[in-house]
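[1] only the shape, not the letters, is given here:
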């Protein structure tokens, strides 16, 4: 039998906080008063104002608790009921307009319980509004139910006074079984979620994060919901325990419960028709439209959830767009694209700059008796059409997976590679350095797109958007060692070490002359035969590396391009420094590190940092030297400030590695003339990249099958344009010219 609470009518709108939870010397409004920033010039109604209000069919359980601020025009309040303590800001005869929606200020046909209402707000046809602080010039129209409970958490994974642990809201990222659960909070960054979820062996550290979250966001009962100034909420059914920032726009939502919607005038957030969001955080400048569902979630800044997308038990990093699909139990770093109704992502760590095609089902099938498998993918993860992957699998950065049902778990350690399941030969095929050799258009465009779509006004999460950075450079170095080991096992000699100086690693304009997606030409197979490999797949069937010699050369050229480009950028910023002093600076080891290359780097939510800095931060948190999330985020800023220097020193040592020089020897670039020669090669490589960007794109226009739906070439060009007219191709050419000019300027600098 359902119990019905029957309360005395005279207490309607009062006793919001149970007496046992009110501190001594406080009343039930003490937190409410803190939230409003102190007392305004509220006053009681004047007799003629009360007369007008009653004449306009308004009711209040106690008119002595109906407080207003001058100027106040009572005629603007009609046919409404008020209970508890009601406090109005200024109310004048004015119109509020947002887009094409325009209403006069005032309250009409509504029931309001114990609320603060800001200056010149509009409340119209709202059946039930309870315990909210409503900002200035807010529009609330046609809301069925809008209430706040005394234990509201607004999406934060905390407990209020007197609550049991079992009501705490956790998000089960990366693993369905809950072994990596984290607590959401309003200011959460992907790096916060990563630290909490990834370092589960450091129990003292993760327990400290829980304590910090509870202490910073938990506490007493009695917080009111807040609707920030300039916000609009209309035609919405159920709102419960919601905080909304300024200038948000909410229309047609079904249910918004226990959430915070962060919003500002510079980064307004929007919630649209049919949306349901429960237990989560919506970041600044984010949007959710057209029937999307989100439960136990965190959305970062400038994220989009559209067309029925489902985001459940997941953290979605900044600048990401998710449409139609289903995402469960994931930690996704910034810049993720997933647009198709039949794509499915589960129990994964996706480390940013990623894109999932239609039909991709990532982690959809379990290989064990429990749902405890995971998938971990580095930056630039790109599963193609109808790709099916199994738990547990791991992928290096910038891996493209060709269409297919992959029957076994994968461990693809080779970055920038193309992965193919060859059913005919029953073998797994991996082409290392595929993007560099054959698809620089996609690779360059990925980095450009990541930056172009970064609409965040405040960049709290520092995102590395270059595909060549310390993390990917170290993956390349590890991949080179693997390829060399497989070559040795097969008796295949490594290419000439000087070959990586050439601008074209494949020895020809490979993007135009070959298409590796079909098969390796017979003559090339003899010069660069497929190599047997191991450890890339759980099954003991055939595993091969395609074009290993070209890949080895390409990898080394990528490292050289990264090293010299990074050093050139660092030297360029030191306008008053000569080359000798720059070299001396690069030779000094970083603080608390040994001489030589720092080989361990962490992608912490899109921000790259040396592992020793991450470990140092964890230690400070573990020992209680950092006790709140604001300080942790300040530590991220410190890492970001040191990153350029860290990266330059890493590049310095990568070049030493390429030259096979011992760390104790004089660095090969200490001679300025040697550096100048490398700068000249750097320009050549950059020009070659621009050529390959064009050549990669030109393949689409030169393919005869692309032309079969057009009557002639002119019609095709009118519909899809030409490779030379492609806006990104032109942009790369312009940037290449500017880059060459900058590097030429360095060549003219004195030593």
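    Arrived safely, thanks for sending. Treat the numbers as computed from the prediction; the structure is a model and nothing was measured.

[2] and the residue nearest to residue 182 when sequence neighbours are not counted, how many neighbours does it have?
    Of all residues not flanking residue 182 in the chain, residue 196 sits nearest, at 4.2 Å (Cβ to Cβ, 6 or more residues apart in numbering). (Each C-beta comes from the backbone N, C-alpha and C, glycine too.) By other Cβ atoms under 10 Å, the residues close to residue 196 number 23.

[3] ok, residue 196 - contacts?
    Neighbour list for residue 196: 180, 182-183, 206, 209 [criterion: Cβ atoms under 8 Å, 6 or more residues apart in numbering].

[4] quick one, what contacts residue 274?
    Taking Cβ under 8 Å, 6+ apart as the criterion, residue 274 is in contact with 252-254, 290-292.

[5] where does this structure have its least confident helix or strand?
    Least confident helix or strand, the chain: helix 510-513 with a mean of 46, by mean pLDDT, DSSP states H and E.

[6] now the strands for the stretch 451-600 of the chain?
    For the stretch 451-600 of the chain, the strands defined by DSSP state E, counting those that start in this stretch cover 531-532, 542-545.

[7] list the buried residues in the longest one.
    Pointing back at strand 542-545 there. Buried residues in strand 542-545, counting neighbours by 16 or more other Cβ atoms under 10 Å, are found at 543-545.

[8] ok, now stretch 586-595?
    By 16+ other Cβ under 10 Å, the buried positions in stretch 586-595 come out as 586-587, 590.

[9] wait, which of the residues you listed is closest to residue 708?
    residue 586 (55.7 Å; Cβ to Cβ).

[10] roughly how far does that closest one sit from residue 671?
    Between residue 586 and residue 671 the computed distance is 14 Å (Cβ to Cβ, to the nearest Å).

[11] then residue 58?
    87 Å.

[12] neighbour count winner among the two?
    residue 58 (20 against 14).

[13] phi, psi of the more buried one?
    Reported as degrees, to the nearest 10, the phi and psi values for residue 58 are phi -100, psi 150.

[14] count the residues that sit near the closest residue to it other than its chain neighbours.
    Nearest non-adjacent residue to residue 58, counting by Cβ to Cβ, 6+ apart: residue 80, 5.3 Å away. For residue 80, the neighbour count with other Cβ under 10 Å is 21.

[15] picking up where we left off before, shouldn't the residue nearest to residue 182 be within a helix?
    Yes. Under DSSP: H, G, I helix; E, B strand; the rest coil, residue 196 sits within a helix.

[16] where's it relative to residue 178, distance?
    13 Å.

[17] hang on, the earlier thing: show me what contacts the residue nearest to residue 58?
    58-59, 107-112, 123.

[18] whichever of the residues you listed end up buried, select them in ChimeraX.
    Per 16+ other Cβ under 10 Å, the buried members of those correspond to this ChimeraX selection:
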select :58,107,108,110,111,112,123
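
[19] which two of the contacts of residue 80 have the greatest separation?
    Longest span within the contacts of residue 80, Cβ to Cβ: 59 and 123, 15.0 Å.

[20] how about low-confidence regions in the stretch 301-450 of the chain?
    The model of the stretch 301-450 of the chain has pLDDT under 70 over residues 364-369.

[21] ok, for residue 158, nearest residue in space, not its chain neighbours?
    Closest residue to residue 158 apart from its sequence neighbours, by Cβ to Cβ, 6+ apart: residue 218 at 3.8 Å.

[22] export the strands of the stretch 451-600 of the chain as CSV, with columns for mean pLDDT and distance to residue 271.
    Converted to CSV, the strands of the stretch 451-600 of the chain look like this (pLDDT from 0 to 100; distance: least, Cβ to Cβ, whole Å):
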stretch, mean pLDDT, distance to residue 271
strand 531-532, 94, 53
strand 542-545, 95, 48
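
[23] re earlier: distance check, the residue nearest to residue 158 against residue 133.
    20 Å.

[24] so if I had to pick from the two, which one is more boxed in?
    Using other Cβ under 10 Å as the criterion, residue 218 and residue 133 rank with residue 133 on top: 21 against 18.

[25] strand partners of the strand or helix carrying the more buried one, parallel vs antiparallel please.
    Assigned by DSSP states H and E, residue 133 falls within strand 132-134. Strands adjacent to strand 132-134 in the sheet, as given by DSSP bridges, are strand 116-117 (parallel), strand 225-227 (parallel).

[26] so what touches the very next helix or strand once past the last one?
    This means strand 225-227. Using DSSP H and E, the helix or strand that follows strand 225-227 in sequence is strand 232-244. Applying Cβ under 8 Å, 6+ apart, the contact partners of strand 232-244 are 98, 101, 138-149, 152-155, 186, 225-228, 231, 248-261, 263.

[27] and those residues, which are buried?
    98, 138-143, 146-149, 152-155, 186, 225-228, 231, 248-253, 255-261, 263.

[28] end to end, how far does stretch 100-108 reach?
    End-to-end distance for stretch 100-108: 20 Å, by Cα to Cα, to the nearest Å.

[29] what average pLDDT does that stretch get?
    For stretch 100-108, mean pLDDT rounds to 95.

[30] ok so, going back, least confident of the buried residues of stretch 586-595?
    Minimum pLDDT across these falls on residue 590, with 73.

[31] thought that residue was touching residue 598?
    Yes. Counting by Cβ atoms under 8 Å, residue 590 touches residue 598, with 6.8 Å between them.

[32] overlap in contacts, those two.
    The contact sets of residue 590 and residue 598 overlap at 610, 612, 646, 649 (Cβ under 8 Å, 6+ apart).

[33] are any of these buried, and which?
    Buried among those by 16+ other Cβ under 10 Å: 610, 612, 646, 649.

[34] tell me the secondary structure at the last one.
    Okay, so that is residue 649. Residue 649 is classified as helix under three-state DSSP.

[35] and it, what does it touch?
    By Cβ under 8 Å, 6+ apart, the contact list for residue 649 reads 586, 590, 598.

[36] one more pass at 6 Å, please.
    By Cβ atoms under 6 Å, 6 or more residues apart in numbering, the contact set of residue 649 is residue 586.

[37] residue nearest the centroid of the chain?
    The centroid of the chain falls nearest to residue 317 when counting by Cα atoms, centre = their mean (1.7 Å).

[38] what sits against that one?
    Residue 317 makes contacts with 190, 300, 332-334, as judged by Cβ under 6 Å, 6+ apart.

[39] doesn't residue 120 fall inside a helix?
    No. Residue 120 is assigned coil when assessed by three-state DSSP, not a helix.

[40] you'd agree it is up against residue 104?
    No. At 9.6 Å, residue 120 does not count as touching residue 104 under the criterion of Cβ atoms under 6 Å.

[41] how about residue 429, what does it touch?
    By Cβ under 6 Å, 6+ apart, residue 429 lies in contact with 420, 422, 544, 546.

[42] and of those, the nearest to residue 528?
    Using Cβ to Cβ, the contacts of residue 429 come closest to residue 528 at residue 546, 8.3 Å.

[43] burial count for the closest one?
    By other Cβ under 10 Å, 23 other residues sit near residue 546.

[44] for residue 723, same thing?
    Per other Cβ under 10 Å, the neighbour tally for residue 723 reads 18.

[45] which non-adjacent residue is nearest it?
    That would be residue 698: by Cβ to Cβ, 6+ apart, it lies 4.0 Å from residue 723.

[46] quick check, pLDDT for the one you found.
    Looking at residue 698, its pLDDT is 84.
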